[in-house]
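Asks: Give me a 3D structure for the following:
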Amino acid sequence: MGAEIQQKAVALREVEARVSARPSIMYWFLMVSDLATAIWMHTVGPWLDHTSKFTATGTLGGHHLILQIIALTGFLMLAALAVCTDNFTQTTPRLALLRNLACIISVVALTGMLALLLTTLLSRVLFGHLRP
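Replies: All right, here's what the predicted structure looks like:
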């Protein structure tokens, strides 16, 4: 009887480990995306701001410095939480709240890129090829 309970506990821990690994990949993806957005805003942000209103969509209306700060904040929060939560596997209520806040900040930083991508795809569908 005791061996059966122990086997079930081991099986539950294995299932829990597999389930908890999926969300941690999302947090690592957000960290990488935040860092890429911050670097991208540092290098081509001013060009995106001043070229046209279409390219300013990627910087949330011409605010590349604010977007760079938001992306760096999200990256630093997630990096600190990765250390505190043992690669996003252990958590407490306060760390979960901070993790959710960091995710919201990261998604805000990525909305400019998503809006630019969707606008580009929509213009491609509506107008087709722009070159003869």
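Asks: Could you list which residues are in contact with the most centrally placed residue in the chain?
Replies: Geometric centre of the chain, nearest residue: residue 30, 2.5 Å, by CA atoms, centre = their mean. Residues counted as contacts of residue 30 (CB atoms under 8 Å, 6 or more residues apart in numbering) are 74, 78, 102, 103, 106, 107, 110. Heads up, the C-betas are built off the backbone N, CA and C, glycines and all.
Asks: Residue 111 reaches residue 59, doesn't it?
Replies: No - contact criterion CB atoms under 8 Å: residue 111 and residue 59 do not qualify, at 10.7 Å.
Asks: The two - which one has more neighbours?
Replies: Neighbours per residue, other CB atoms under 10 Å: of residue 111 and residue 59, the larger number sits with residue 59, 26 against 15.
Asks: Quick check: what element follows whichever strand or helix holds residue 30 along the chain?
Replies: Assigned by DSSP states H and E, residue 30 belongs to helix 2-51. On the C-terminal side of helix 2-51, the nearest following helix or strand under DSSP H and E is helix 64-84.
Asks: I'd like the mean pLDDT over that following helix, please.
Replies: Throughout helix 64-84, pLDDT has a mean value of 94.
Asks: thinking again about what came up before, dump the contacts of residue 30 to TSV, plus distance to residue 89.
Replies: Formatted as TSV, the contacts of residue 30 follow (distance: CB to CB, whole Å):
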residue	distance to residue 89
74	20
78	14
102	16
103	16
106	19
107	22
110	24
